[in-house]
Every structure is written in structure tokens, then in C-alpha cells.
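Student: Below are the sequence and a predicted model for it; my questions follow.
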Amino acid sequence: MSLAETLALAVALGCDAFAVGLAVGGRFGAPRQIFRLSFHFGLFQFLMPLIGWGLGVGLATVAARWAPWIAAAVLVFIGGKMAWEALAPPEERTHGLDPTKGWSLVALSVATSIDALGVGMSLGMVGQNVLGAAVIIGIVAAGMTLIAMKLAGLMSARLGQRMGIIGGVILIAIAVKLVAF
């Protein structure tokens, strides 16, 4: 696979990370949060092709069957919580669940990189350099997440609390995509 093909694959796999970065970055855009989300999305996008290659066909098929449903449930929960918080009157708002920490961060990282699991399996089956592709995929995903979160911060300044609603809807839409397509 050529470098151009690998970059195109990396951008395609990074689109979910970009969308989640937009959704999360409007409300959780502190430098540490941007770093955490970008780093973890890049790390998981790097690791998933390697895991897919290592699992082989049998286990990857089982993982591919259930992982999207679990990831979708987490995305719906986090997206619903973000939208709910944005709609609540200011005096009733809590600071909410920070999706750039703890299990939410892990769940989002898995949800945005689950496609890379199958890619790693496929690349391994056709004898491609999985490690080289994984490095490029991880770097591109981290960069796309960083750009999305910065862009969301700019949009949030203009859209205010509506950005929380938009972000929540984006996460729920990604969840639907995971299980419907």
C-alpha cells in the first residue's frame, strides 16, 4: 500500500475521531482536555490495527459483532448527558461528566477506533505492513482530533450552550452509524 493510500485510509478512519472531537471540544476544550482526547484517540487508532492483526479472523469477528453495540450505548449515554446538561437551566446544571477522563475517555477511544480493528485484520491478511500503517493512522487521528477540538472551541464562543446540544446530537448520530451501517 502506498503512502498516499495509507494517508487516505488514516483520514477515513479519523473521521469519527474528528466528529467526536467537535462534539466534545465545544464544552471541554481546556488544554489538558484537548491533549487527553487527542492523545488517547491517536493511541487507540494506533493500537486497534495491531490488535486486529493479532486477533486474527475468529476473535475479530466476535469482537466486531458486540463492540459496536457497546460503543454505541456509551456514545448515546454521553451524548444524551451533554445535550441534557446544555438544555438544563443554569442553576440546575452540574459540571457534568468530563468525557476526556476515566472510563468515558476509554469508551470514546474504543468507539472511535473500532473500525481500525477490522482494518488491521484485513491488512494482516493481505500481507501489508501493519505497524507502519498503524503509526500513520494514530498520528492522523490525533491531529484530526486536535484540530476538531480547537475548531469546536471557536464555534462554542459563537454558539454558546447550543454547542452542548450539537455535540450531544453528534455523539448520538455516531452511535446510530456504528450499529446501523
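Tutor: Cool, got the structure. The structure displayed is predicted, hence computed values, not measured ones. Residues are numbered from 1 along each chain as shown.
Student: so who does the spatially most central residue of the chain touch?
Tutor: Residue closest to the average C-alpha location in the chain (CA atoms, centre = their mean): Thr112, at 3.1 Å. Residues in contact with Thr112 (CB atoms under 8 Å, 6 or more residues apart in numbering) are 16-17, 20, 41, 44-45, 141, 174. C-beta: built from backbone N, CA, C; applies to glycine.
Student: and what of Val76?
Tutor: Contacts of Val76 by CB under 8 Å, 6+ apart are 171-172, 175.
Student: Now find how far off-centre the helix or strand of the chain with the lowest mean pLDDT is within its chain.
Tutor: Across the helices and strands of the chain, mean confidence by mean pLDDT, DSSP states H and E is lowest for helix 162-180: a mean of 78. Averaging C-alpha positions (CA atoms, centre = their mean, to the nearest Å) puts helix 162-180 11 Å from its chain's average.
Student: Only the C-alpha atoms, please, for that helix, written as CSV.
Tutor: Provided in CSV are the C-alpha atoms of helix 162-180 (Å, rounded to 0.1, in the frame of the first residue of the first chain):
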residue,chain,number,x,y,z
ARG,A,162,-26.2,25.3,21.8
MET,A,163,-22.8,23.7,21.2
GLY,A,164,-23.5,21.2,24.0
ILE,A,165,-26.7,20.2,22.2
ILE,A,166,-25.0,20.0,18.9
GLY,A,167,-22.2,17.9,20.5
GLY,A,168,-24.6,15.5,22.1
VAL,A,169,-26.5,15.1,18.9
ILE,A,170,-23.3,14.3,17.0
LEU,A,171,-22.3,11.6,19.5
ILE,A,172,-25.8,10.0,19.3
ALA,A,173,-25.5,10.2,15.4
ILE,A,174,-22.2,8.4,15.6
ALA,A,175,-23.8,5.7,17.8
VAL,A,176,-26.5,5.2,15.2
LYS,A,177,-23.9,4.9,12.5
LEU,A,178,-22.0,2.3,14.5
VAL,A,179,-24.9,-0.1,14.7
ALA,A,180,-27.0,0.8,11.6
